[in-house]
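Chemist: Pasting the sequence and the predicted coordinates here, then a few questions.
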2 protein chains.
Amino acid sequence: MVEIDRQTVERLDREDELAPYRELFQLPEGLIYLDGNSLGPAPKAVFAEMEHAVREEWANGLIGSWNEAGWFDLPRRLGACIASLIGAEADEVVVSDSTSINVFKALQAALALNPGRKVILAEQAGFPTDLYIAQGVQAWNKDLELRLEGRDGERIEELIGPDVAVVLVNHVDYRSGALRDMAALTASAQAAGALVVWDLCHSAGVMPVDLGGCRADFAVGCSYKYLNGGPGAPAFIYAARRHHGRIAQPLTGWWAHRRPFAFESAFEPAAGIGALLCGTQPILSLRALLPALAIFERVDLVRLRAKSEQLTELFIELVERCCAGHGLRLLSPRAASRRGSQVAIGHDHGYSVVRALVERRVVGDFRAPDVMRFGFAPLYIRYRDVWDAVERLGEVLESGLWREPRFAVRSIVT
Amino acid sequence: MVEIDRQTVERLDREDELAPYRELFQLPEGLIYLDGNSLGPAPKAVFAEMEHAVREEWANGLIGSWNEAGWFDLPRRLGACIASLIGAEADEVVVSDSTSINVFKALQAALALNPGRKVILAEQAGFPTDLYIAQGVQAWNKDLELRLEGRDGERIEELIGPDVAVVLVNHVDYRSGALRDMAALTASAQAAGALVVWDLCHSAGVMPVDLGGCRADFAVGCSYKYLNGGPGAPAFIYAARRHHGRIAQPLTGWWAHRRPFAFESAFEPAAGIGALLCGTQPILSLRALLPALAIFERVDLVRLRAKSEQLTELFIELVERCCAGHGLRLLSPRAASRRGSQVAIGHDHGYSVVRALVERRVVGDFRAPDVMRFGFAPLYIRYRDVWDAVERLGEVLESGLWREPRFAVRSIVT
């Protein structure tokens, strides 16, 4: 890649068959948005859809919209859309609640399917909420043990023993972007008699995921990152069909009932994926997700993944070439095939560098203690954006701009 | 009230100091909407607010809006708004998740505060999701007993013994509209050493509620009925300040952490009401709730309750006068002071009658097996609406319109 220059990346953009998708998103003029792994941008179609949802469905349709606008079916309808992106059948996924709540449901359901075993195996360095929820499940059932990869240095594969009931694991690490081998880990866990819950927060919508082909048991994920569903959009949960009819979890709200509108006094779980629903869902947030998922209808996920790998590879190569000598440390796997669609770079003053970059109209984010994260969503990020972003990163580092005191002030970064 | 006629109700409307509030809502022309106890109408202000939230905060502000648009603070900010309607301090309430999830949190937190006791006391005839969640909590902890009012005919007060850890009870019954005496029941439960969780779904926003004055322990409620927050708008949860710092519940998502953005590996609950949060919340749905709650800023809840009692009283009196001989049965308490803002009337073919009324532009709803429910939200329902609704009910019954086969077809009614 010695000869790469801006003309080359412009040519790559011209030849990119995914390029037209960028036009479907509302992106602020001149902004290079490398944080779609935290919050995807707004699909242009969402403006009219939300206006319709508020003015027609809610204000005009009122209570009748639960039937007529299909509100009650949204968790299943949206679940079917997501299913096609993660290698699931349409009736194996619902959209409901938050990722945290869904991790809780999935862990409880897996434990109930594996009653003789008492160990939850998870990641010390996984996204904190997964870990916290696992801690919550364990704290409320003292018979359980929570075993953590990374606590004593072992890899998760080495910790799977005959006592493990369920393995909770992230497909792509939220910080480093390291990508797990879903097929291999699922197979080895199941060979040891455990069930596996995959967290797809950082892989759904940015690469092919094959839950069915890997024989995964459960999966969860959020819809506001690469799925572009809007801030805090409800999460999804998957259960393999072979477990349907035997799904039990304690968040037994009325939407999880087999006959929710019969208003019976005894809870009886829905036969299928509905057993992983709970209470009434936030319809306006679900409605925003609908046009976002429609964008994916004709997306070739293999092509999407190929572009994603090219974007992260280009970023790393350009950073190595243009930003040497500034104390940057690559924290993501160097092989494109082993990382997701984000690149993590360590810098002792990473927070200030990220803030200074925002002033130069490049948005990445920061994770304590020293991680700068840059996400490359191939539906709307161009090759030239990668070039320009690295150029500006080089300028920020060369100029020492990031040392200015105003960039040292902390604010909430999600 | 023998002399009441349409001129009288028109005069009542002219003299009603709450009448101007009706203008703040978008109500379909000519529709008499007596189902605000299921889904409140859209405040007119919500249209511009949602457009701003989608176009400016999400599409333009992107990830920065978590700070700059105050998204992260919305659960507490909205909680403070609701607090003023239910006799709570601003920092005793958050808006988060669904009522079902919040019932789960409140029950778990109450059980953890009362560890020596093993009985959950609830209502057989309460809203099903409360009951189902209590069943879920019990099923996952076989040491617990779930005792139900109504199973053997006793009233809840008679079932409070020295073994009861927590009483879960609805302030207003979702079907009959019967209103509990919050002060008396809380006092008698606490005198027996139990904690009390109040479900305010059918009272918050339609009458003064005094959680603080009654020394309630926990409360939950939804925001899409009398609070008009939009379909499935997230629910609220209250914990009395005396319990803060000791709140423990197993849905320990990252928003419930004391330092959510430190990304620590050990869960440590927030010191205050934040311990009852869980995961990332659906921001667009929360944003719709903001203008809805702003309407209540200057509402006199005592006046609101007085109008509510007058509306339900007028409805019952007119039904008794105009609809006699059609097999109607009043299922709500006859004394206005003992019911909420809804009136339940039994009819053997209640479903068909409700459907036929919809055709006459009067929207109530139906609850199995035979209950017609009519809600009177005093912020936007007029005295003349009550008159007209009863007139049309009389016409439907007199004409036998409801017997037409098309009204017998069941659809989902929420």
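Modeler: The structure has been received and is ready for your questions. Numbers count the residues shown, from 1 in each chain, chains lettered A, B, ... in the order given.
Chemist: all contacts plus neighbour counts: C-alpha atoms, from now on.
Modeler: Will do.
Chemist: May I see the buried residues of the longest helix anywhere in chain A?
Modeler: In chain A, ranked by residue count with DSSP state H as the criterion, the top helix is helix A:301-322. By neighbour count, with 16 or more other Cα atoms under 10 Å in any protein chain shown as the criterion, the buried positions of helix A:301-322 are A:301, A:303-305, A:307-319.
Chemist: Tell me the spacing between residue A:313 and residue A:153.
Modeler: Separation of residue A:313 from residue A:153 (Cα to Cα, to the nearest Å) stands at 29 Å.
Chemist: residue nearest the centroid of chain A?
Modeler: If you average the C-alpha coordinates of chain A and look for the closest C-alpha using Cα atoms, centre = their mean, you land on residue A:201, 1.9 Å from that point.
Chemist: OK, contacts around the nearest residue to it once chain neighbours are set aside?
Modeler: Excluding its sequence neighbours, the residue lying closest to residue A:201 (Cα to Cα, 6 or more residues apart in numbering or on different chains) is residue A:221, at 4.3 Å. Residue A:221 is in contact with A:99, A:199, A:200, A:201, A:202, A:204, A:235, A:236, A:237, counting by Cα atoms under 8 Å, 6 or more residues apart in numbering or on different chains.
Chemist: Reformat those residues as TSV; add pLDDT.
Modeler: Formatted as TSV, those follow (pLDDT from 0 to 100):
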residue	pLDDT
A:99	98
A:199	98
A:200	98
A:201	98
A:202	98
A:204	98
A:235	98
A:236	98
A:237	98
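Chemist: State the pair within those residues that is farthest apart.
Modeler: When Cα to Cα is used, the two most widely separated members of the contacts of residue A:221 are A:202 and A:237, lying 14.3 Å apart.
Chemist: what about these two, which has more around it?
Modeler: Per other Cα atoms under 10 Å in any protein chain shown, whichever of residue A:202 and residue A:237 has more neighbours is residue A:237, with 32 against 28.
Chemist: Doesn't that one lie inside a helix?
Modeler: No. Under DSSP: H, G, I helix; E, B strand; the rest coil, residue A:237 falls outside any helix and is assigned strand.
Chemist: For the closest residue to it other than its chain neighbours, the count of nearby residues, please.
Modeler: Taking Cα to Cα, 6+ apart as the measure, residue A:237 lies nearest to residue A:220, with 4.4 Å between them; neighbours along the chain are not counted. Counted by other Cα under 10 Å, the residues lying close to residue A:220 total 28.
Chemist: Do a quick rundown of the helices in the stretch 101-250 of chain A.
Modeler: When assigned using DSSP state H, counting those that start in this stretch, the helices of the stretch 101-250 of chain A occupy the ranges A:128-139, A:182-191.
Chemist: Would you double-check that residue A:372 falls in a strand?
Modeler: Yes. Under three-state DSSP, residue A:372 sits within a strand.
Chemist: OK, contacts around it?
Modeler: Applying Cα under 8 Å, 6+ apart, one finds that residue A:372 lies in contact with A:344, A:345, A:346, A:347, A:350, A:351, A:354, A:364, A:365, A:366.
Chemist: longest single strand anywhere in chain A?
Modeler: Ranked by residue count and defined by DSSP state E, the top strand of chain A is strand A:164-170.
Chemist: follow-up on the earlier one: starting from residue B:5, give me the distance back to the residue nearest to residue A:201.
Modeler: When distance is defined by Cα to Cα, residue A:221 is 59 Å away from residue B:5.
Chemist: residue farthest from the centroid of chain A?
Modeler: Per Cα atoms, centre = their mean, the residue of chain A sitting farthest from its centre is residue A:265 (37.2 Å).
Chemist: Quick check, pLDDT for that one.
Modeler: On pLDDT, residue A:265 comes in at 90.
Chemist: Distance check, the closest residue in space to residue A:262 that isn't next to it in sequence against residue B:339.
Modeler: With sequence-adjacent residues excluded and distances taken as Cα to Cα, 6+ apart, residue A:262 is closest to residue B:368, at 6.8 Å. With the distance defined as Cα to Cα, residue B:368 ends up 20 Å from residue B:339.
Chemist: surely residue A:362 meets residue A:32?
Modeler: Yes. The criterion here is Cα atoms under 8 Å, and residue A:362 meets it with residue A:32 at 4.8 Å.
Chemist: quick one on the thing from earlier: just list what the longest strand of chain A packs against, helices and strands only.
Modeler: Contact here means 3 or more Cα pairs under 8 Å, 6 or more residues apart in numbering or on different chains; DSSP states H and E; on that basis strand A:164-170 packs against helix A:99-113, strand A:119-123, strand A:195-199.
Chemist: Measure how far the longest one is from the centre of its chain, please.
Modeler: Averaged C-alpha coordinates place helix A:99-113 at 17 Å from its chain's average position (Cα atoms, centre = their mean, to the nearest Å).
Chemist: anything in it near chain B?
Modeler: Yes. Counting by Cα under 8 Å from any Cα of the partner chain, contacts between helix A:99-113 and chain B involve A:99, A:100, A:101, A:104.
Chemist: Can you give me every residue that contacts the first one?
Modeler: The reference is to residue A:99. Contacts for residue A:99 (Cα under 8 Å, 6+ apart) come out as A:220, A:221, A:222, A:234, A:235, A:236, B:279, B:280.
Chemist: So which of those sit within strands?
Modeler: Applying DSSP E to the contacts of residue A:99, the entries found in strands are A:220, A:221, A:236.
Chemist: For the residue lying closest to residue A:40 once chain neighbours are set aside, the count of nearby residues, please.
Modeler: Of all residues not flanking residue A:40 in the chain, residue A:228 sits nearest, at 4.2 Å (Cα to Cα, 6+ apart). Neighbourhood size, residue A:228 [other Cα under 10 Å]: 27.
Chemist: What score does residue A:228 have for pLDDT?
Modeler: According to the prediction, residue A:228 has pLDDT 98.
Chemist: contacting residues for it?
Modeler: With Cα under 8 Å, 6+ apart as the criterion, the residues that contact residue A:228 are A:36, A:39, A:40, A:41, A:42, A:43, A:289, A:292, A:293.
Chemist: so where's chain A shaky on pLDDT?
Modeler: Across chain A, the stretches falling below the confidence threshold (pLDDT under 70) are A:1-2, A:410-414.
Chemist: make it 50
Modeler: Within chain A, the stretches falling below the threshold (pLDDT under 50) are A:1, A:413-414.
Chemist: re earlier: please identify which of residue B:368 and residue B:339 sits among more neighbours.
Modeler: More neighbours sit around residue B:339 than around the other of residue B:368 and residue B:339, counting by other Cα under 10 Å; the figures are 22 against 13.
Chemist: doesn't residue B:316 make contact with the more buried one?
Modeler: No. Residue B:339 lies out of contact with residue B:316 (Cα under 8 Å); the separation is 12.0 Å.
Chemist: buried stuff in stretch A:208-216?
Modeler: Of the residues in stretch A:208-216, those buried (16+ other Cα under 10 Å) are A:208, A:209, A:210, A:211, A:212, A:214, A:215, A:216.
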